[in-house]
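Asker: What would the 3D arrangement of this be:
(chains A and B)
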2 protein chains.
Amino acid sequence: MKLLNGQPSEMLPLADRGLQFGDGVFRTLRLEHGVMPFWSRHYAKLAADCAVLGLSCPAEALLLEDIRQLGVDSATIKIIITRGESARGYAIPEGCQANRIVQATGLPAYPAEYYSQGVAVRLCATRASWQPALAGVKHLNRLENVLARREWQDPAIFDGLLLDRDGFVVEGVLSNILLLDQQGRVLTPLLRSSGVAGVMRAIALELFAAQGYTVQEQEIPVQTLLAARQIWLSNSLFGLLPVRQLGERQWIVDPLDTLLQEKLQHAAENEFLRLELPQDPARQGQRK
Amino acid sequence: MKLLNGQPSEMLPLADRGLQFGDGVFRTLRLEHGVMPFWSRHYAKLAADCAVLGLSCPAEALLLEDIRQLGVDSATIKIIITRGESARGYAIPEGCQANRIVQATGLPAYPAEYYSQGVAVRLCATRASWQPALAGVKHLNRLENVLARREWQDPAIFDGLLLDRDGFVVEGVLSNILLLDQQGRVLTPLLRSSGVAGVMRAIALELFAAQGYTVQEQEIPVQTLLAARQIWLSNSLFGLLPVRQLGERQWIVDPLDTLLQEKLQHAAENEFLRLELPQDPARQGQRK
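Answerer: Numbers count the residues shown, from 1 in each chain, chains lettered A, B, ... in the order given. Here you go, the predicted model:
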């Protein structure tokens, strides 16, 4: 099910600048039994990303109404905000109205072993772009993720890691990266000139800090990654996943990870938005 | 008028990866009185760009049939090839079918003074991305062009120039750049890690070489640009335009430019494709 500006639609005008130039931003998040964990953070990030591009962000109530209208109580929700329609050319015409797309697809299932034993990742040949004007923003220019994802077919590989021009680690194709270094600090790449600064990354950094870890955003050479005591991937669909393998290097997943999952679960249970779904007694009964 | 896969349409499926990720390429070119200058080069560039992304490029005959079907004899033709539709996620599903969009909009009018006296340009604060995997390709990830174009409103400014991370000149927001340096050589930025290598840029380089100029693609610092005897912008809609002003620096446009326009006109008259438009005696009469 998809909505364009609140109306059911499977189509977008060809004149939309989201297609023509990738002129827009997006969010992907979980809706589980009528509950959206960390919704306020997702909305704040959407608004911040819109601000970077000079897009007008739809009101929160409008987006929530759209999500309710999708009529599902569990789904992956994707929100796209584009600049709207214009004639040919990069200049933004006066009165250009943002288009808002809200869609629901199935929630992916992650095997329990991914959390308890970790996932395998690879290093991609595709590098992350240098572009400080867009760094951190979840915008629609995602060709490098597509190219990096094309590098492997092996279903045993969960994600691929991208380096920047200087060889520093930036992120996964579909995740952010955090690591526990030899000094016991939690490090994550500084995303000042590349990459997307995800909501789950911010939450994970707070969780680690709350546990008493020193948390640092910095440039991370591949050697630091390989020498790490543990690596995690973060994104809003799977939360936090430990890494068990990167090329030849293997990690034994620490009990810390189990603890971390519990903390994350706890955080999600304390920070969420419960949708007021349309009255449906049958569905109500299924909700937590 | 717009066609999606040969059918009149104003709409594209929301599931198209062109929207979701900017996963596609495009071309913009002139159709004038049934004639498309340098068509074969445009098609060759489209095919080459598709190959970089691993997209299957539509057959030339299919695109020509689309353009004929637009039913206009003069227009700006924009061709977009996207990867096609897929569910959420960067991975490309098997059997993903490219979507082909062909649209006609009006031909922009460029005042004669632009050619005889030159145009004014500015230096943008937005930098060009570093991304060797996509450099040279005219792909749909054009957010940096949008951001750079947002930097000015003054209609007296024709284009804005972008530098890369290291301060080398890359291109204009809507053009390539060529210059005549103090040694009488024609230089143009090396587009190995940023920018789009346009069809008109290639033609201009050939024209200069044919005139006996030494032509070089290389890294060009801003100082070399400012010290140039002449600068030109190239793109497929306006051809070649001399620059008369960049910030404080002004240039007197040389009679060479007039000569260059004549050579370009001559080249266009020798290398084009004439569309076999539907029988329409009234329209036939209007054609050159």
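Asker: residue contacts, the nearest residue to residue A:190 once chain neighbours are set aside?
Answerer: Nearest residue to residue A:190 in three dimensions, chain neighbours excluded: residue A:217, at 4.7 Å (C-beta to C-beta, 6 or more residues apart in numbering or on different chains). To be clear about C-beta, it is placed using only N, CA and C from the backbone, and glycine gets the same treatment. Applying C-beta atoms under 8 Å, 6 or more residues apart in numbering or on different chains to residue A:217 gives the contacts A:187-191, A:205.
Asker: Okay, buried residues for stretch A:105-121 please.
Answerer: By 16 or more other C-beta atoms under 10 Å in any protein chain shown, the buried positions in stretch A:105-121 come out as A:105, A:114-115, A:118-119, A:121.
Asker: near chain B, anything from that stretch?
Answerer: Yes. Using C-beta under 8 Å from any C-beta of the partner chain, stretch A:105-121 reaches chain B at residue A:105.
Asker: Give me the contact list for that stretch.
Answerer: By C-beta under 8 Å, 6+ apart, the list of residues contacting stretch A:105-121 reads A:30, A:32, A:74-76, A:78, A:156-161, A:172, A:233, A:237-238, A:241-246, A:251, A:253, A:257-258, A:261, B:87-88.
Asker: Can you flag which of those residues belong to helices?
Answerer: The helices, defined by DSSP state H, take in A:257-258, A:261 from the contacts of stretch A:105-121.
Asker: would JSON lines of the residues you listed with pLDDT be doable?
Answerer: JSON lines is the format used below for the ones in helices among the contacts of stretch A:105-121 (pLDDT from 0 to 100):
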{"residue": "A:257", "pLDDT": "76"}
{"residue": "A:258", "pLDDT": "78"}
{"residue": "A:261", "pLDDT": "82"}
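Asker: mind listing the strands for the stretch 151-288 of chain A?
Answerer: A:157-163, A:169-172, A:176-180, A:186-189, A:215-218, A:230-235, A:239-246, A:249-250, A:272-274 (DSSP state E, counting those that start in this stretch).
Asker: Residue B:197 is nearest to which of those?
Answerer: Of all the strands of the stretch 151-288 of chain A, strand A:157-163 sits nearest to residue B:197, with 24.0 Å by C-beta to C-beta.
Asker: Sheet-wise, list the partners of the closest one with their directions.
Answerer: Taking DSSP bridges as the criterion, strand A:157-163 sits next to strand A:119-123 (parallel), strand A:169-172 (antiparallel) in its sheet.
Asker: Give me the helices and strands touching whichever helix or strand comes after the longest one, please.
Answerer: Translated: strand A:119-123. For strand A:119-123, the following helix or strand on the C-terminal side (DSSP states H and E) is helix A:143-149. With contacts defined as 3 or more C-beta pairs under 8 Å, 6 or more residues apart in numbering or on different chains; DSSP states H and E, the packing partners of helix A:143-149 are strand A:157-163, helix B:17-21, helix B:39-53.
Asker: Ok, which of those comes nearest residue B:95?
Answerer: Taking C-beta to C-beta, helix B:17-21 is the member of the helices and strands packed on helix A:143-149 nearest to residue B:95, at 13.5 Å.
Asker: how much distance is there from that closest one to the middle of the chain?
Answerer: Counting by C-alpha atoms, centre = their mean, to the nearest Å, helix B:17-21 is centred 21 Å from the centre of its parent chain.
Asker: Likewise for stretch A:67-84?
Answerer: Offset of stretch A:67-84 from its chain centre (C-alpha atoms, centre = their mean): 15 Å.
Asker: ok, now stretch A:149-157?
Answerer: From the chain centre to the centre of stretch A:149-157 is a distance of 19 Å (C-alpha atoms, centre = their mean).
Asker: Dump that stretch to PDB, restricted to CA.
Answerer: Listed next in PDB are the C-alpha coordinates belonging to stretch A:149-157 (Å, rounded to 0.1, in the frame of the first residue of the first chain):
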ATOM      1  CA  ARG A 149      25.400  -3.900  -3.200                       C
ATOM      2  CA  ARG A 150      25.900  -5.200  -6.700                       C
ATOM      3  CA  GLU A 151      29.400  -6.400  -5.700                       C
ATOM      4  CA  TRP A 152      28.100  -9.600  -4.100                       C
ATOM      5  CA  GLN A 153      25.500 -12.200  -4.600                       C
ATOM      6  CA  ASP A 154      26.500 -14.600  -1.800                       C
ATOM      7  CA  PRO A 155      23.500 -14.700   0.600                       C
ATOM      8  CA  ALA A 156      25.800 -15.500   3.500                       C
ATOM      9  CA  ILE A 157      27.100 -11.900   3.300                       C
END
